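how would this look folded up:
(chains A and B)
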Amino acid sequence: MIQALAPVIVGAGPAGIRAAQTLVANGLRPVVVDESANWGGQIYRQPPAHFVRTKKELYGFESAKAQSVLSAMQGLLPHVDYRPHTLVWNVQGGQLDLLHQGQTSTLAYSQVIVTSGATDRILPFRGWTLPGVFSLGGAQVALKFQGCSIGKKVVFAGSGPLLYLVAYQYAKAGAHVVALLDSGKLSDQVAAMSDLLAQPAWLAKGLYYVAWLHAHGVAVHRGAVPLEAKGQDCLESLLWQDDRGVHSLACDAVATGYGLRSEAQLADLLDCQFVWNAVQGAWLPVCDESGRTSVSGVYLAGDGASVEGADAAEWSGERAALTLLSDRAGHATAEHVARSAALSGHITKRKIFGRGLARAFPDPLNWAAQTPDDLLVCRCEEVTAGDLRQTAAEAGVQEINRLKALSRVGMGRCQGRMCVCAAAEILAQCTGQSLEKVGRLRAQAPIKPIPFTTMLKAESVSGKDMA
Amino acid sequence: MSQAPVPLNEPGLLTRMSETQRERVTFFLDGQALTGLRGDTVLTAVLMHRKFVRYSDESGAHRAGFCWMGACQDCWISSEAGDRFKACSTMLEPSMKLISGQGGST
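Numbers count the residues shown, from 1 in each chain, chains lettered A, B, ... in the order given. Below is the predicted model of the structure:
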């Protein structure tokens, strides 16, 4: 039965592409379903046709890797059933529900590798819904995919390695980077050094970006937290705070993010068990050394399984594919076992580096406790921190799904992608629980909004079938 | 970067840094003819001219998208024909007729 169905790979970033390459090399023809119009994922997102910047300009130090991953997929095209611009929006009865150009269809699977990637981890501040405030990853997409800066005077505020990378990319592209506000302190970054040395090349690149920003006169403030984006109909200035007090910066754009969060909705709908990951401060799908989940035939790889970055995504993608192959054959070849072990070795080292990153880039101190009641946490439904605190207190809510049911936080169109980190932090703080204890927001189908007209079309098709 | 800036009148939120030598595309926003570039997303094209793409359903406040990758759902926009789509994930087409300020998702 397993042999009858082609393996399915969801996502065509570094993890999905390496998984596909491995399956094809072993004689299979996988279906590769990707929400984007073109392969590469977010990290190696390709610009539209007729753009002229070189890979070096687009991907910097990563241009050789980008070239390798992107050309690998180019070469695979005749050998895979590639379905770009296709959203997997539900799973039921052994079938993935797909949406492509307004049309729904189903895809039966017996083995699926989910590489669903990550989005920015957001900790909001007052005024973060004002035009001019964008996610950090979004700011990078604007530059890489569209050749645009998000504004004329840009502030980068948040935490994590991406903050420095994107600020560097903006400044290098000629944008005016007003300041970089890092919630971590230099002492955090020094304390993390022994773990960060697990990946010396990555550490060196990070230090290069910091040095470059300093050398080019970009103000880098550590222990700095954005307080409020101010402006009438769009951003005019940013209030921020550090040990020295409250400051104001004139700016027309802010890019903000505190690391990344795994997009695990599909793993959830596939019935995967989840486990608390203390390093990432997140509930993640259970995924063992081999890429297997708690569900037979379901494999995970890349940042959607655990945020470890693009290199690890390539490794875990290949490893998940090797595991799939051995499960399919009923045994693993010696060559595959050796290769899997080597990949696991790389990934283990990257996890030590990841632990260092978490230590180097901690969240703002007591973020939830300092959050004002009028902070808009959920940008879809406009639920405030005060609403959450009041709901928790009045209804005795201890758990995030209950908080969603009563306050509507996470119930809007983004399904909690932008607000759930903050909502969980606030619930944990006001109920005196750990973040782990407040639980995990369950995914709901459709995992992204699909047009109502699509549903009507699907209805009429099934009506015709019945007649 | 190295290219000379195109003399396009673009008073919106965004600033073009490179890739300005592309073919120009005329589109319409609330009936007004505007110019974008081939390869712009609808979000880029609109935000080159305007400082928002939609109003919040709750407060009516201006919104201009947020995540640029199809996750936040805060850049939905409508066409005159009644189609609704995410501006960040839709490429600009010649003669596209867009209506700002609406863009419910369903």
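
burial measure for B:S95, as a count.
Residues contacting B:S95 under the criterion other Cβ atoms under 10 Å in any protein chain shown number 9. To be clear about C-beta, it is placed using only N, CA and C from the backbone, and glycine gets the same treatment.

tell me the contacts of it?
By Cβ atoms under 8 Å, 6 or more residues apart in numbering or on different chains, the residues touching B:S95 are B:T26, B:F27, B:F28.

With respect to A:A219, which of those residues is nearest?
B:F27 (38.5 Å; Cβ to Cβ).

Not counting stretch A:372-381 itself, show me its contacts.
By Cβ under 8 Å, 6+ apart, stretch A:372-381 touches A:124-126, A:128-129, A:382-389, A:408-414, A:418-419, A:422-423, A:426, B:56-58, B:63, B:66, B:72-74.

Can you report phi and psi for A:D268?
phi -60, psi -50 (degrees, to the nearest 10).

That one - nearest residue in space that isn't next to it in sequence?
Leaving aside its sequence neighbours, A:D268 sits nearest to A:A443 (Cβ to Cβ, 6 or more residues apart in numbering or on different chains; 3.8 Å).

just the buried members of the contacts of B:S95?
B:F27 (16 or more other Cβ atoms under 10 Å in any protein chain shown).

Which among the contacts of stretch A:372-381 count as buried?
Applying 16+ other Cβ under 10 Å to the contacts of stretch A:372-381 flags A:124-126, A:128-129, A:382-385, A:387-389, A:408-414, A:418-419, A:422-423, A:426, B:56-57, B:63, B:66, B:72-74 as buried.

In helices only, show me these.
A:A385, A:D387, A:L388, A:R389, A:A422, A:A423, A:I426 (DSSP state H).

Just the closest of the contacts of B:S95 to A:V337, please.
For the contacts of B:S95, the nearest to A:V337 is B:F27 (55.9 Å; Cβ to Cβ).

Verify the stated contact: the closest one with B:L37.
No - B:F27 is beyond contact range of B:L37, at 10.6 Å (criterion: Cβ atoms under 8 Å).

who touches both of those two?
B:A45, B:L92.

in its sheet, what does the worst-scoring helix or strand of chain B on mean pLDDT sit against?
Here the helix or strand of chain B ranked lowest by mean pLDDT, DSSP states H and E is strand B:84-86, holding a mean of 90. Strand B:84-86 has the following strand partners under DSSP bridges: strand B:76-79 (antiparallel).

which stretch of helix or strand covers the residue nearest the centre of chain B?
In chain B, the C-alpha nearest the mean C-alpha coordinate belongs to B:V46, at 2.6 Å (Cα atoms, centre = their mean). Element membership for B:V46 (DSSP states H and E) is helix B:42-49.

Run through the neighbouring helices and strands of that helix.
For helix B:42-49, the packing partners by 3 or more Cβ pairs under 8 Å, 6 or more residues apart in numbering or on different chains; DSSP states H and E come out as strand B:24-29, strand B:32-37.

Would you mind giving those as a markdown table with distance to chain A and mean pLDDT added?
What follows is the helices and strands packed on helix B:42-49, written out as a markdown table (distance: least, Cβ to the nearest Cβ, whole Å; pLDDT from 0 to 100):
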| stretch | distance to chain A | mean pLDDT |
| --- | --- | --- |
| strand B:24-29 | 12 | 96 |
| strand B:32-37 | 9 | 96 |
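
do you know which of those lies nearest A:L180?
Comparing the helices and strands packed on helix B:42-49 against A:L180 with Cβ to Cβ, the closest turns out to be strand B:32-37 (29.6 Å).

Tell me which residues are up against the closest one.
Contacts of strand B:32-37 (Cβ under 8 Å, 6+ apart): B:8, B:19-20, B:22-28, B:44-45, B:48-49, B:92.

swap the cut-off to 10 Å and go again
The contact list for strand B:32-37 (Cβ atoms under 10 Å, 6 or more residues apart in numbering or on different chains) reads A:48, A:50-51, A:146-147, B:6, B:8-10, B:12, B:16, B:19-29, B:42, B:44-46, B:48-50, B:92-96, B:98, B:100.

where are the low-confidence patches of chain A?
A:1-3, A:452-467 (pLDDT under 70).

domain ranges for it?
Domain assignment for chain A by automatic domain parsing gives A:2-119+A:261-332, A:122-258, A:367-438.

Any idea how far apart the tips of the last one sit?
Counting by Cα to Cα, to the nearest Å, the length from the leading to the trailing residue of domain A:367-438 is 16 Å.

any idea how far that domain is from the chain center?
20 Å (Cα atoms, centre = their mean, to the nearest Å).

Could you do the second one as well?
Mean C-alpha position of domain A:122-258 versus that of the full chain (Cα atoms, centre = their mean) differs by 18 Å.

so what's the spatially closest residue to A:A310 that is not a sequence neighbour up against?
Residue nearest to A:A310 in three dimensions, not counting chain neighbours: A:I43, with 4.5 Å by Cβ to Cβ, 6+ apart. Contact partners of A:I43, counting by Cβ under 10 Å, 6+ apart, are A:13-14, A:59, A:62, A:65-66, A:69, A:117-118, A:137, A:140, A:144, A:302-303, A:309-311, A:313.

follow-up on the earlier one: also near chain B: which of the ones in helices among the buried ones among the contacts of stretch A:372-381, exactly?
Among these, not one lies near chain B by Cβ under 10 Å from any Cβ of the partner chain.

neighbours of whichever residue of the stretch 201-350 of chain A sits closest to chain B, just the number please.
Per Cβ to the nearest Cβ, A:C234 is where the stretch 201-350 of chain A lies closest to chain B, at 4.5 Å. Residues within reach of A:C234, counting by other Cβ under 10 Å, total 20.

Quickly find the element holding it.
Using DSSP H and E, no element contains A:C234; it sits outside every helix and strand.

what residues are up against the nearest residue to it once chain neighbours are set aside?
Spatially, and ignoring its direct neighbours in sequence, A:C234 is nearest to A:P131 (4.1 Å; Cβ to Cβ, 6+ apart). Going by Cβ under 10 Å, 6+ apart, A:P131 touches A:150-151, A:229, A:231, A:233-235, A:252-253, B:12-13, B:47, B:50-53, B:61-66.

Which ChimeraX command selects the buried ones in the residues you listed?
Selection of the buried residues among those in ChimeraX, burial being defined by 16+ other Cβ under 10 Å:
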select /A:150,151,229,231,234,235,252,253 /B:12,13,47,50,51,52,53,61,62,63,64,65,66
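
anything in stretch A:60-68 near chain B?
No - using Cβ under 10 Å from any Cβ, stretch A:60-68 stays clear of chain B, coming no nearer than 13.3 Å.

Look up the pLDDT of the residue nearest to the centre of chain B for me, please.
What the model reports for B:V46 is a pLDDT of 97.

who's in contact with the residue lying closest to it once chain neighbours are set aside?
In this structure, B:V46 finds its nearest non-sequential neighbour in B:V53, 5.2 Å apart by Cβ to Cβ, 6+ apart. By Cβ under 10 Å, 6+ apart, B:V53 lies in contact with A:131, B:13, B:29, B:42-43, B:46-47, B:62-65, B:74-77, B:86-88, B:98, B:100-103.

what's near enough to touch residue 69?
No chain specified, so I'll use chain A. With Cβ under 10 Å, 6+ apart, A:V69 has these contacts: A:12-18, A:21, A:39-41, A:43-44, A:59, A:62, A:310, A:313-314, A:317.

Wait, chain B was what I had in mind.
Counting by Cβ under 10 Å, 6+ apart, B:M69 touches A:35-36, A:42, A:45, A:117, A:119-120, A:135, A:137-138, A:140-141, A:145, B:86, B:88-89.
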